[in-house]
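Participant: here is my input; please provide its structure:
(one chain, ligands or ions: 1)
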Amino acid sequence: MTLEESQEPNQLHFLVIPMGSPDHYIPTIDMAKLLAQHGVRITIVTTPVKAFRFGSILDQAIQSGLPIYFLEFMFSYKEFGLPEGCESMDDLPHLGLGRTLMQAYTSLQKQVEEYIEKLNPRPNCILADTFLLWTGETAKKFQIPRIIFDGMNCFTQMCNHVLYLSKVYESVGESEPFVLPDLPDRIELTRSQHPFAFNSSFKGMSDFNEKLQVSESEAYGVIVNSFEELEQGYVDEYQKLKRDKVWCIGPLSLCHKDESEKVRRGKKSSIHKNECLKWLDSQENSSVIYACLGSVSRIEPAQLIELALALESSKRPFIWVVRAGHKTEKIEKWIDEEGFEERTKDRGLLIHGWAPQLLILSHPAIEGFLTHCGWNSTLEGVSAGVPLVTWPQFQEQFYNEKLVVQVLKVGVSVGAQKTVWGDEDKSGEVVKREEFIKAIEMVMEEGEEGEERRKRAKEFGKMANKAIEEGGSSRQNITRLIQDIRFQSSTRNLS
Ligand code: UDP
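Facilitator: Numbers count the residues shown, from 1 in each chain. The predicted structure follows:
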């Protein structure tokens with residue numbers, strides 16, 4: 001059946017183009033599902049390996065009759081010097097290949113344009129990952145509004161914006177704290193805690209960042225995985241900056257309602273759902289600390305050992321997701337030689353590989369989440385109403401830490417001082433066991449401060465769920481977005 005035959009009259013059609021990194025494609029797929037639930041026809045551009053991963057996530061959605069379709073294109077691994085099948089940041093042999101991976105995504109441009117060329121009617125909107133700069137050219141060529149998504153919140157967008165404008169970071173030393181100007185809160189960080197664009201240790205990134213700035217300024221609008229009540233002051237500022245073309249439609253992860261959906265998200269889980277639930281069910285309510293450090297970070301084994309020993313010393317039940325990219329073998333060897341898993345098995349569950357994070361976070365046994373502060377994980381923790389132990393590693397993760405610890409007051413920092421980026425980690429910067437223990441204790445303690453933090457976390461969890469319900473702010477923003485694109489399309493047809 002051709003698109004013309006299968007598309008309902010007046011049905012909007014969005015072409016969704018995700019990037020190859022779990023922190024980007026997981027929320028993009030959630031977004032696609034949400035839009036399809038609102039009647040929008042969705043075509044997702046994908047590549048062979050990602051198609052396989054997405055398949056399991058969206059099977060259920062498609063089976064339930066949602067208008068979601070895939071378009072699988074070839075990916076030029078060899079031409080760009082990437083290993084066969086390597087399409088995603090978490091597959092890279094080392095993180096230094098990140099830019100090469102992004103360049104390899106340009107191999108999709110010609111294929112996407114040939115597809116659009118043949119379409120009648122043309123898609124009403126291109127919803128593309130911010131980092132795929134070529135989608136800007138494609139959108140211009142076919143005069144289709146491009147909406148971008150970069151997986152960050154409005155707080156981060158505003159931090160980045162004031163830094164670009166003021167350039168205050170240029171006149172300070174690496175470890176000298178300075179205040180980010182003109183923000184609703186007093187946010188102070190050192191230069192070495194900033195994203196690559198402002199961090200002098202990552203000079204090679206400035207060229208790409210300049211292009212990114214231009215590309216973002218040319219986009220029609222931005223979708224944000226956040227909800228207005230969480231960061232209202234920053235949403236308002238960002239709306240001003242983007243001339244009201246910002247749509248906060250999150251938390252996106254809350255589109256997964258039942259256990260089987262939660263367990264299928266992102267990648268195949270390394271633990272069976274029943275085994276995971278059996279372990280969680282066997283723990284007391286509000287007793288477990290869950291430690292997971294995202295999808296791409298490759299933390300040094302020496303550093304992970306400090307974390308493992310802290311979890312052991314904390315004397316609380318814990319789940320630790322063991323994964324460190326190509327360094328995983330080393331940490332697994334240590335676990336084996338130390339007999340760590342055996343020795344902690346009465347109250348510790350180790351997940352070797354990919355954890356069903358949403359399933360775990362929504363279980364009543366979870367009391368705290370030790371996170372690297374990737375925005376997806378942070379927001380998933382906030383949505384689950386649990387306080388966070390924050391251990392940022394790189395990019396905007398230090399901003400996210402500031403948001404949860406200082407602004408929302410639902411987290412405790414382990415005190416990380418500087419950006420650590422995978423294989424380029426030569427800093428020897430190690431957060432000590434005692435610092436992890438201290439932060440875990442503060443989050444889990446039963447005193448007044450801990451109780452207040454838990455209460456606030458629960459409140460934000462409730463607000464998050466309300467935002468996506470009928471009449472909630474995020475639900476309304478999806479409607480607003482769809483109306484906007486419908487209006488755009490009708491005026492284009494008239495002209
Ligand atoms: N995730 C997961 N299981 C894992 C690790 C990560 O389901 O074992 C998911 C997590 O729920 C989140 C995403 O992967 O949606 C990671 O995104 P985030 O922005 O937190 O971190 P990053 O991938 O940038 O490190």
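Participant: what does stretch 407-414 contact?
Facilitator: The contact list for stretch 407-414, computed with Cβ atoms under 8 Å, 6 or more residues apart in numbering, reads 155, 185, 230-231, 382, 387-391, 401, 404-405, 431, 435-436, 438-439, 442-443, 453, 456-457, 460. Backbone N, C-alpha and C define where each C-beta goes, glycine included.
Participant: for the host helix or strand of W320, which helices and strands make contact with it?
Facilitator: Taking DSSP states H and E as the definition, W320 sits inside strand 318-322. Contacts defined by 3 or more Cβ pairs under 8 Å, 6 or more residues apart in numbering; DSSP states H and E place strand 318-322 against strand 288-292, helix 301-313, helix 328-338, strand 348-352.
Participant: can you name the residues of the stretch 201-350 of the chain that neighbour the ligand?
Facilitator: R265, G266, C292, G294, S295, V296, S297, V321 (Cβ under 6 Å from any ligand atom).
Participant: let's see it at 5 Å
Facilitator: G266, G294, S295, V296, V321 (Cβ under 5 Å from any ligand atom).
Participant: rewinding a little: would you turn the helices and strands packed on strand 318-322 into a markdown table with mean pLDDT?
Facilitator: As requested, these are arranged in a markdown table below (pLDDT from 0 to 100):
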| stretch | mean pLDDT |
| --- | --- |
| strand 288-292 | 98 |
| helix 301-313 | 95 |
| helix 328-338 | 95 |
| strand 348-352 | 98 |
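Participant: I'd say R433 and L309 touch.
Facilitator: Yes. If you go by Cβ atoms under 8 Å, R433 and L309 touch, sitting 5.1 Å apart.
Participant: just give me the neighbour total for the residue in the stretch 151-300 of the chain positioned nearest to the ligand.
Facilitator: Sorted by distance to the ligand under Cβ to the nearest ligand atom, the residues of the stretch 151-300 of the chain start with G294, at 2.5 Å. G294 has 22 neighbouring residues, counting by other Cβ atoms under 10 Å.
Participant: cool, K409 as well?
Facilitator: Residues near K409, counting by other Cβ under 10 Å, number 14.
Participant: hang on, the earlier thing: so which strand or helix has the residue of the stretch 151-300 of the chain closest to the ligand?
Facilitator: Secondary structure from DSSP H and E places G294 outside every helix and strand.
Participant: gap between the closest residue to P364 other than its chain neighbours and P251?
Facilitator: Distance criterion Cβ to Cβ, 6 or more residues apart in numbering; nearest residue to P364, sequence neighbours excluded, is N285 at 4.7 Å. From N285 over to P251 the distance is 23 Å, taken as Cβ to Cβ, to the nearest Å.
Participant: now the strand holding W320: buried residues?
Facilitator: Residues of strand 318-322 classed as buried: F318, I319, W320, V321, V322 (neighbour count, 16 or more other Cβ atoms under 10 Å).
Participant: same deal with stretch 291-309?
Facilitator: 291-301, 303-309.
Participant: for stretch 114-134, same thing?
Facilitator: 115-116, 119, 122-134.
Participant: go on, stretch 9-21?
Facilitator: L12, H13, F14, L15, V16, I17, P18, M19, G20, S21.
Participant: what's the burial count for E174?
Facilitator: 12.
Participant: any idea how far stretch 263-274 is from the chain center?
Facilitator: Offset of stretch 263-274 from its chain centre (Cα atoms, centre = their mean, to the nearest Å): 18 Å.
Participant: contacts for it next, please.
Facilitator: 22, 26, 53, 56-57, 59-60, 253, 256, 259-260, 276, 295, 351-359.
Participant: out of these, list just those in strands.
Facilitator: Residues of these located in strands (DSSP state E): I351, H352.
Participant: could you flag which of the contacts of stretch 263-274 are buried?
Facilitator: 22, 26, 53, 57, 253, 256, 259, 276, 295, 351-352, 354-359.
Participant: the buried residues of stretch 114-134: which ones sit near the ligand?
Facilitator: Answer for these near the ligand: none qualify (Cβ under 5 Å from any ligand atom).
Participant: isn't L304 right up against A324?
Facilitator: Yes. Counting by Cβ under 8 Å, A324 is a contact partner of L304 at 6.2 Å.
Participant: pull up the overlap in contacts between these two.
Facilitator: I331.
Participant: okay, now the residue nearest to P364: neighbour count?
Facilitator: For N285, the neighbour count with other Cβ under 10 Å is 10.
Participant: quick one, the helix or strand in which S377 is found and strand 288-292 angle?
Facilitator: Assessed by DSSP H and E, S377 sits inside helix 375-383. If you take axes from the mean of the first three to the mean of the last three Cα atoms, to 10 degrees, helix 375-383 sits at 170 degrees to strand 288-292.
Participant: got the domain ranges for this protein?
Facilitator: 3-254+467-494, 265-466 (automatic domain parsing).
Participant: go through those and pick out the most buried.
Facilitator: Mean neighbours per residue, mean count of other Cβ atoms under 10 Å, is largest over those for domain 265-466, with a mean of 20.
Participant: stretch 358-373 near the ligand at all?
Facilitator: No. Contact between stretch 358-373 and the ligand is absent, the nearest approach being 6.0 Å (criterion: Cβ under 5 Å from any ligand atom).
Participant: so what would you say the end-to-end distance of that stretch is?
Facilitator: 15 Å (Cα to Cα, to the nearest Å).
Participant: again, but for stretch 76-84
Facilitator: With Cα to Cα, one end of stretch 76-84 sits 9 Å from the other.
Participant: for it, give the mean pLDDT please.
Facilitator: Average pLDDT, stretch 76-84: 86.
Participant: who's in contact with that stretch?
Facilitator: G85, C86, E87, D91, L92, P93, L97, T100, L101, Q103, A104, S107.
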